[in-house]
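Asker: Build me a model:
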Amino acid sequence: MKDYMSTAIEFNHVSKQYRLGLVSTQTLAHDIRRFWITNILGKEDPYLKIGETNDRASKGNSEYVWALKDIDFKIEQGDVVGIIGKNGAGKSTLLKLLSRVTGPTTGTIRAHGRIGSLLEVGTGFHPEMTGRENIFMNGAILGMSRAEIQSKLDEIIDFSGCARYIDTPVKRYSSGMTVRLGFAVAAFLEPEILVVDEVLAVGDAEFQKKAIGKMQDVSKGEGRTVLFVSHNMASVRQLCHTGILLNQGQVQMMGTMGDVIDTYVADAKDIDNVGAVWHKDTIEDKPIQLIHAEIQNAIGEPTYSLSCDEDFFIELTYNVREKMPGLFGTMVITRMKDQIEAFTSSTRDQEDHVFESLPLGITKVRLHFPKRLLGAGGYKISINLNSRFSTTRFAFDEAPSCLKFELNDYATIVGNNRAGFFSTRMDWEVQQ
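Answerer: The predicted structure follows:
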């Protein structure tokens, strides 16, 4: 009995099936056939035997897909759980099932306590009603009395930053304002379980920082359970204790958030096959060859997502077969949003010509990037090898766009919206 009370959320072999191309999951003919076979003949539902995994990148042969397949886990009361995975992995579907927006095809879900959800911009808000009226309506849906809602009203309005527009119909709100008010309602009306989808990305940097702080308060100080879906690995790592990695509608891994993120980052590749870890599969007949590269955080873990306020490293592994006179290495970091070279470094900057004296065999080279060097954004890295005595550019080896990473800035008001290549924080000294 004690274990039952400490379990906040329980998914028991939950699956969700959709039929492609239709508003509903079935037609009337399918409903009648399903009812006849399962209820009259007493046989197994025939539609549970068909369908394919939800791989959005390939064309399938079935009109049925499993958005979720055999999801089975428990979440303890007061835990903060991050749910990560690629687009289409089933993250939002899982939260919608928990929030009772839709029901599972098979399996059961048990949630102990009231659930406050923020799934999409405007979810649960009536566009013709004012912000104030929507606060009271959402509180009533959660089962709270008018007096309870009134006691939280000033905090909700103040946190949302929408005081000037609180008596204006929500249909006139921007998406950012709607998210601000929606999150404030979900967090301050004291549900036992708070469910937040990646909709927070719509908010500005200042509000994202406030929202993450509030979720930390909710979980640590008040003992409520939080489920948080996001593609921002720095936020998830900072906030969550436990992680769930979804892949094509199934739980690939559940464990500590750090371990889950590392698994996801190691597997994560974009359309150009670029990620936080790069490996050369083909051994070529070269005097020196880059065979492995990875981006690491301050404790040596491979990671794709970093904060501007943490040091990080690029570790390169070379196979050196012979010493080359005049050999030097070059690294170029390019900002992805505009394809502009943001930073370049070369071993020729050092007087000792370090690459000319690399030992034979497998050798590691490490570059240290101090915090607050680069500004927030996405970057890709190219690594090249050449010789001062060669007339051919990159004569020995090159690995264009072999690594990719993102930096996020949570420590300043400007945050990820800071312009420029650098995130350096300067001291403005007033001279008398």
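Asker: any idea how the chain splits into domains?
Answerer: Following the assignment in automatic domain parsing, the chain carries domains at 2-11+70-113+192-267, 277-417.
Asker: Point out the most buried one among those domains.
Answerer: domain 2-11+70-113+192-267 (a mean of 19; mean count of other C-beta atoms under 10 Å). Every residue, glycine included, has its C-beta placed from N, CA and C.
Asker: Relative to Met137, how far out is Val14?
Answerer: Val14 sits 29 Å away from Met137, going by C-beta to C-beta, to the nearest Å.
Asker: which one of those two has more residues nearby?
Answerer: Under the criterion of other C-beta atoms under 10 Å, the comparison of Val14 against Met137 puts Val14 first, with 22 against 16.
Asker: The more buried one and Thr242: what is the separation?
Answerer: Applying C-beta to C-beta, the value for Val14 to Thr242 is 18 Å.
Asker: partners of the helix or strand harbouring Val251 in the sheet?
Answerer: Assigning secondary structure by DSSP states H and E places Val251 in strand 250-256. The pairing partners recorded for strand 250-256 under DSSP bridges are strand 242-247 (antiparallel).
Asker: tell me how far the partner strand is from the chain's mean position?
Answerer: Relative to the centre of its chain, strand 242-247 is centred 11 Å away, using C-alpha atoms, centre = their mean, to the nearest Å.
Asker: repeat for stretch 142-160
Answerer: Its chain's C-alpha centre lies 30 Å from the corresponding centre of stretch 142-160 when counted by C-alpha atoms, centre = their mean.
Asker: buried stuff in it?
Answerer: Burial within stretch 142-160, assessed by neighbour count using 16 or more other C-beta atoms under 10 Å, is assigned to 142, 144, 149, 152-153, 156-157, 159-160.
Asker: so of those, which ones are in helices?
Answerer: 149, 152-153, 156-157, 159-160 (DSSP state H).
Asker: hey, where'd the helices end up in the protein?
Answerer: The residue ranges that make up the helices of the chain, judged by DSSP H, are 2-6, 28-35, 91-98, 131-141, 146-160, 175-188, 205-220, 233-239, 257-267.
Asker: Can you add distance to Lys337 and give the ones in helices among the buried residues of stretch 142-160 back as TSV?
Answerer: Conversion of those to TSV gives the following (distance: C-beta to C-beta, whole Å):
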residue	distance to Lys337
Ile149	43
Lys152	40
Leu153	41
Ile156	35
Ile157	35
Phe159	31
Ser160	30
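Asker: quick check, nearest of those to His292?
Answerer: Minimum separation from His292 among those (C-beta to C-beta) is found for Phe159, which lies at 46.7 Å.
Asker: Show the pLDDT at the closest one.
Answerer: Among the per-residue scores, Phe159 shows a pLDDT of 85.
Asker: cool, and Thr363?
Answerer: For Thr363, the predicted pLDDT is 91.
Asker: Skip the chain neighbours and tell me the closest residue to it.
Answerer: When the adjacent residues along the chain are set aside, Thr363 lies closest to Tyr318, with 5.0 Å between them (C-beta to C-beta, 6 or more residues apart in numbering).
Asker: now do Pro127
Answerer: With sequence-adjacent residues excluded and distances taken as C-beta to C-beta, 6+ apart, Pro127 is closest to Lys171, at 3.6 Å.
Asker: and the one you found, how many neighbours does it have?
Answerer: As a burial measure, Lys171 scores 12 neighbours (other C-beta under 10 Å).
Asker: correct me, but it touches Glu128?
Answerer: Yes. The criterion here is C-beta atoms under 8 Å, and Lys171 meets it with Glu128 at 6.5 Å.
Asker: measure the closest residue in space to Gln296 that isn't next to it in sequence to Ile383 for me?
Answerer: Excluding the flanking residues, the one nearest Gln296 by C-beta to C-beta, 6+ apart is Phe313, at 4.5 Å. The span separating Phe313 from Ile383 equals 14 Å under the rule C-beta to C-beta.
Asker: just Ile84 next, same as before
Answerer: 28 Å.
Asker: can you check Trp66 too?
Answerer: According to C-beta to C-beta, Trp66 and Ile383 sit 41 Å apart.
Asker: Show me the shaky parts of the stretch 151-300 of the chain.
Answerer: Under the criterion of pLDDT under 70, the regions of the stretch 151-300 of the chain flagged as low confidence span 198-205, 221-222, 234, 265-274.
Asker: Just send the helices of the chain back as TSV, with distance to Thr106 too.
Answerer: Rendered in TSV, the data for the helices of the chain read as follows (distance: least, C-beta to C-beta, whole Å):
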stretch	distance to Thr106
helix 2-6	22
helix 28-35	13
helix 91-98	11
helix 131-141	27
helix 146-160	37
helix 175-188	29
helix 205-220	31
helix 233-239	29
helix 257-267	25
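Asker: Show me the one of those helices that comes nearest Gly107.
Answerer: Each of the helices of the chain has some distance to Gly107 by C-beta to C-beta; the shortest is helix 91-98, at 9.2 Å.
Asker: who does the closest one touch, helix- and strand-wise?
Answerer: Judged by 3 or more C-beta pairs under 8 Å, 6 or more residues apart in numbering; DSSP states H and E, the packing partners of helix 91-98 are strand 7-19, strand 64-76, strand 80-84, strand 106-111, strand 115-118, strand 193-196, strand 225-229.
Asker: looking at these, which has the lowest confidence?
Answerer: strand 115-118 - the lowest mean pLDDT of the helices and strands packed on helix 91-98, at a mean of 77.
Asker: For that strand, name the packing helices and strands.
Answerer: helix 91-98, helix 175-188, strand 193-196.
Asker: Show me what that strand is in contact with.
Answerer: Strand 115-118 is contacted from outside by 95, 98-101, 123-124, 142, 179, 182-183, 185-187, 189, 191-197, 199-200, using C-beta atoms under 8 Å, 6 or more residues apart in numbering.
Asker: Can you tell me the strand partners of that strand and which way each runs?
Answerer: Each strand that pairs with strand 115-118, with its direction, by DSSP bridges: strand 193-196 (parallel).
Asker: what distance separates the strand it pairs with from the centre of its chain?
Answerer: When distances are taken as C-alpha atoms, centre = their mean, strand 193-196 is centred 16 Å away from the chain's centroid.
Asker: Please save the CA atoms from it in CSV.
Answerer: Listed in CSV are the C-alpha atoms of strand 193-196, where the atom choice follows Å, rounded to 0.1, in the frame of the first residue of the first chain:
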residue,chain,number,x,y,z
ILE,A,193,1.4,16.3,-11.5
LEU,A,194,2.7,19.1,-13.8
VAL,A,195,3.1,18.1,-17.5
VAL,A,196,5.0,20.5,-19.8
